[in-house]
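Student: model the following, please.
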Amino acid sequence: MFDTLLRVVRHRAPVDKSLNWGRDIVRDVADALILDDNAVIVDIGAGLGYDLSIFQERHPRCTYHAIDYREDHRAHFDQKSIVFHAANIETDSLPLASSSVDVIIINQVLEHCKQLFWILHEVSRVLRVGGHMLVGVPNLASLHNRILLCLGHQPTCITVGSAHIRGFTRAGLESFMHSCAPSLYAATMIAGSNFYPFPPKIASTLSSWFPNCSVSIFVMFRKNNEYGEQFLLATNALESNFWDGH
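Tutor: This is a model prediction of the structure:
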């Protein structure tokens, strides 16, 4: 088992890393949500917009926005009738009106960011009451990461030389949301995607049975109340400095 696990880390086991992105989960969410034709869907850290395309196929009349730092992606989104905004989500305000968005997707983005409080502040500002936020992050508590830690190895989702600077578990993500803004959000869906060191069919089954041990964890949050800048206020008690827009 340990030898197999180490082969996964070294990219030699027959795993499908594309499952880490949870496209099947995004698809299930898009199928489950009932959206008006004038609904606004936003992907933060959109990349090339794969998650937005899934929504667009199912809800073609909605309005779509992609936010990413790559200005050279603009032409790609113009071809898909998706409004593109080039922005640094860690320091820029989202170019959207307050309480104007119905669905926000943040998939495999937050693990790259220090300014978590600012990002959630801006998301909470633009998301309307009753709107949904789908967060997908690598799972620090996945089965293979637990075993690696027991063996004294670095978890693969937050290796020292990688672009990942934060580690998340399902409980940690929910605790963060609740501690900053106790009644603002409610988790309405939990799902997992991929399961090392197993091949795709087995991994898909195991991640659906044991999401807390999957490679990536996905949580859907529903915004229940008006936002009162709770995420910015939460930084007042911290010793490290965080961006608050000033």
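
Student: leaving out sequence neighbours, find the closest residue to residue 91.
Tutor: Of all residues not flanking residue 91 in the chain, residue 243 sits nearest, at 5.7 Å (Cβ to Cβ, 6 or more residues apart in numbering). Where C-beta positions appear, they are placed from N, C-alpha and C, glycine not excepted.

Student: now do residue 246, the pLDDT please.
Tutor: pLDDT, residue 246: 82.

Student: burial of the residue nearest to residue 91, as a residue count?
Tutor: Residues lying near residue 243 (other Cβ atoms under 10 Å) number 16.

Student: would it count as being in a helix?
Tutor: No. Counting by DSSP: H, G, I helix; E, B strand; the rest coil, residue 243 is not part of a helix but coil.

Student: so where's the chain shaky on pLDDT?
Tutor: Applying pLDDT under 70 to the chain picks out residues 1-13.

Student: pretty sure residue 204 sits against residue 19.
Tutor: Yes. Residue 204 sits in contact with residue 19 when judged by Cβ atoms under 8 Å, with a separation of 7.0 Å.

Student: spit out the residues that contact these two alike.
Tutor: Residues touching both residue 204 and residue 19 (Cβ atoms under 8 Å, 6 or more residues apart in numbering): residue 194.

Student: what about residue 196, distance to residue 144?
Tutor: As judged by Cβ to Cβ, to the nearest Å, residue 196 and residue 144 stand 4 Å apart.

Student: what number of residues lie near the spatially closest residue to residue 47 that is not a sequence neighbour?
Tutor: Excluding the flanking residues, the one nearest residue 47 by Cβ to Cβ, 6+ apart is residue 68, at 6.5 Å. Residue 68 has 23 neighbouring residues, counting by other Cβ under 10 Å.

Student: next up, the contacts around residue 68.
Tutor: For residue 68, the contact set (Cβ under 8 Å, 6+ apart) comprises 45-47, 84-87.

Student: could you do residue 103 as well?
Tutor: Residues near residue 103 by Cβ under 8 Å, 6+ apart: 33, 35, 39-42, 55, 131-134.
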